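Peer 1: Compute the structure for the input listed below.
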Amino acid sequence: MNISVVIPLLNEQESLIELRDWIAKVMQANRFSYEVIFIDDGSTDDSWSIIMQLSHKNENVKGIRFIKNFGKSQALHAGFEKAEGDVVITMDADLQDNPEEIPELYHMIIVEKFDLVSGWKKKRYDSFLSKNLPSKLFNWAARKTSGVTLNDFNCGLKAYNRNVVKNIDVNGEMHRYIPVLAKNAGFIKIGEKVVQHQARKYGETKFGMDRFVKGFLDLITIWFISRFGKRPMHLFGALGVIMFAIGFGFSLYLGVDKLFLNPTGRLITQRPQFYIALSTMIIGTQFFVAGFLGEIILRTKRNEKRYLIGQELNFHSNLN
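Peer 2: Numbering: from 1, shown residues only. Sure thing, here's the model as predicted:
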C-alpha cells in the first residue's frame, strides 16, 4: 500500500464526507493505493455515524473510536499502530489542511528519501493575537531547545516514512513534537514543505490559548527526556554532588574554625553557615535519591495502555 492517511478528530461531523471525497479524488488522480484511518477521539456529535457510513461504502475508509476523549497524541498513536502504507500522512479533519499536498509529500518521502516532512503554514488564516503570534513564539522556542530547524512544529499536515511511525512513542501531549521524537530516535533527515492553509469552513477550533502554555511545558519535558530520560542519575547525581560539596565545604569550615581558629566564638548553631551547610547537604542527598528512584523506575516500568478503543471498522481484526 502506498499511503495511509491518519486523521484524528473530535466533533467534525460537517467536514468528514467532503474531506473523504477530496482525499479519494487526489488518490485516484495519482493512482495511489491508500487507506484513510479516522480516529474518533470521543466525539459527542454524529462523527462516528458518518465514519461508519463511509466505511461501509468504501473499504479504504477505516475507523477507530475511543470510548472517551483521550487526546490527539493518543489518537495519532492508535492510527500509527494500524497504518499499513509505505508513507503515512497525518492531517486534521477540519478542512484547513489541503489533500492536494499529498502527492508532493509522498514524492519527498519516497524519492528524496526524507524520514519526515513537516508542513509549514507560511500564510495563515487564523487570528494574529490568539494564534499566529503565540505560534511564532512557540516555534522559536522549540527550534532553540530541540535543534530541529522547522518553522511550524504544530502543523497537522505531515508525512512520514513508515519506519518512523512504527518506532516512536507519541504520548501525553507530545504530538506537537513528533519531529523531535523522530530525531531523538535516530531519524535525522527531516524536511519541511510550505503548504496551503485554509480558513476553517465548519464549526469552531477545539484548541484555546491554554495549548501554548501546555506546549511550552511539554517542551521542557521533551528537552529533559531527550537529554536525561535514559540516565536521570546524570542530572540528579551531578546536582546532588554539587549541593553536597557546598554543604560539606561549609561544614568543614565551621569545624576548623570552631576547633582551631576561634574556639571561644559563637556556637556553631548560632551561625548562618551552619544552616546553609545543613540545607545544602540535605538537598544534595534528596537529588541523589531522586536519581536512584528515576533509574529504578526506568528499569521496572511497564507499557500501559493509554487509551481504550470502543470500535474499529474495516481492519483485519475488528472489535465490532
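
Peer 1: Name the residue closest to the centre of the chain, please.
Peer 2: Among the residues of the chain, the one closest to the centroid is residue 174, at 1.6 Å (C-alpha atoms, centre = their mean).

Peer 1: That one is in contact with residue 184, isn't it?
Peer 2: No. Residue 174 is beyond contact range of residue 184, at 11.0 Å (criterion: C-beta atoms under 8 Å). C-betas here are computed from N, CA, C, even on glycine.

Peer 1: tell me which element residue 145 is part of?
Peer 2: Assigned by DSSP states H and E, residue 145 falls within helix 133-146.

Peer 1: which outside residues touch that helix?
Peer 2: 124, 148-154, 176-177, 179-180, 183, 209, 212, 215-216, 219, 222-223, 226 (C-beta atoms under 8 Å, 6 or more residues apart in numbering).

Peer 1: returning to that earlier point: could you measure from the residue nearest to the centre of the chain over to residue 217?
Peer 2: For residue 174, the distance to residue 217 equals 11 Å [C-beta to C-beta, to the nearest Å].

Peer 1: where exactly do the strands run in the protein?
Peer 2: Using DSSP state E, the strands of the chain run over 3-9, 34-40, 61-66, 87-90, 116-120, 158-161, 190-194, 309-313.

Peer 1: Name every strand pairing with the third one and say which way it goes.
Peer 2: The sheet places strand 61-66 alongside strand 34-40 (parallel), strand 309-313 (antiparallel), with pairing taken from DSSP bridges.

Peer 1: now that strand against strand 3-9, angle please.
Peer 2: Per axes from the mean of the first three to the mean of the last three C-alpha atoms, to 10 degrees, the angle that strand 61-66 makes with strand 3-9 is 40 degrees.

Peer 1: what distance separates strand 61-66 from the centre of its chain?
Peer 2: 21 Å (C-alpha atoms, centre = their mean, to the nearest Å).

Peer 1: So for that strand, mean pLDDT?
Peer 2: For strand 61-66, mean pLDDT is 97.

Peer 1: who touches it?
Peer 2: 20, 35-42, 48, 51-52, 54-55, 74-75, 78-79, 82, 307-315.

Peer 1: Filter the contacts of helix 133-146 down to just the ones in helices.
Peer 2: Of the contacts of helix 133-146, the ones assigned to helices by DSSP state H are 179-180, 183, 212, 215-216, 219, 222-223, 226.

Peer 1: Turn those into JSON lines, including neighbour count, pLDDT and distance to residue 278.
Peer 2: Conversion of the ones in helices among the contacts of helix 133-146 to JSON lines gives the following (neighbours: other C-beta atoms under 10 Å; pLDDT from 0 to 100; distance: C-beta to C-beta, whole Å):
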{"residue": "179", "neighbour count": "26", "pLDDT": "93", "distance to residue 278": "46"}
{"residue": "180", "neighbour count": "24", "pLDDT": "90", "distance to residue 278": "41"}
{"residue": "183", "neighbour count": "20", "pLDDT": "91", "distance to residue 278": "43"}
{"residue": "212", "neighbour count": "19", "pLDDT": "62", "distance to residue 278": "41"}
{"residue": "215", "neighbour count": "21", "pLDDT": "69", "distance to residue 278": "39"}
{"residue": "216", "neighbour count": "16", "pLDDT": "71", "distance to residue 278": "35"}
{"residue": "219", "neighbour count": "20", "pLDDT": "73", "distance to residue 278": "35"}
{"residue": "222", "neighbour count": "21", "pLDDT": "72", "distance to residue 278": "36"}
{"residue": "223", "neighbour count": "16", "pLDDT": "75", "distance to residue 278": "32"}
{"residue": "226", "neighbour count": "17", "pLDDT": "72", "distance to residue 278": "35"}
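
Peer 1: Out of the residues you listed, flag the one nearest to residue 258.
Peer 2: residue 223 (44.4 Å; C-beta to C-beta).

Peer 1: For that closest one, list the residues it contacts.
Peer 2: 145-146.

Peer 1: With the one 10 residues further on instead?
Peer 2: Contact analysis of residue 233 by C-beta under 8 Å, 6+ apart lists 291-292, 294-295.

Peer 1: Where does confidence bottom out across the residues you listed?
Peer 2: residue 295 (78).

Peer 1: beta partners for the closest residue to residue 314 other than its chain neighbours?
Peer 2: Leaving out its chain neighbours, the residue that sits closest to residue 314 by C-beta to C-beta, 6 or more residues apart in numbering is residue 62, at 4.2 Å. Going by DSSP bridges, residue 62 is paired in beta bridges with residue 37.

Peer 1: Longest helix in the chain, please.
Peer 2: Max-length helix for the chain by DSSP H is helix 272-300.
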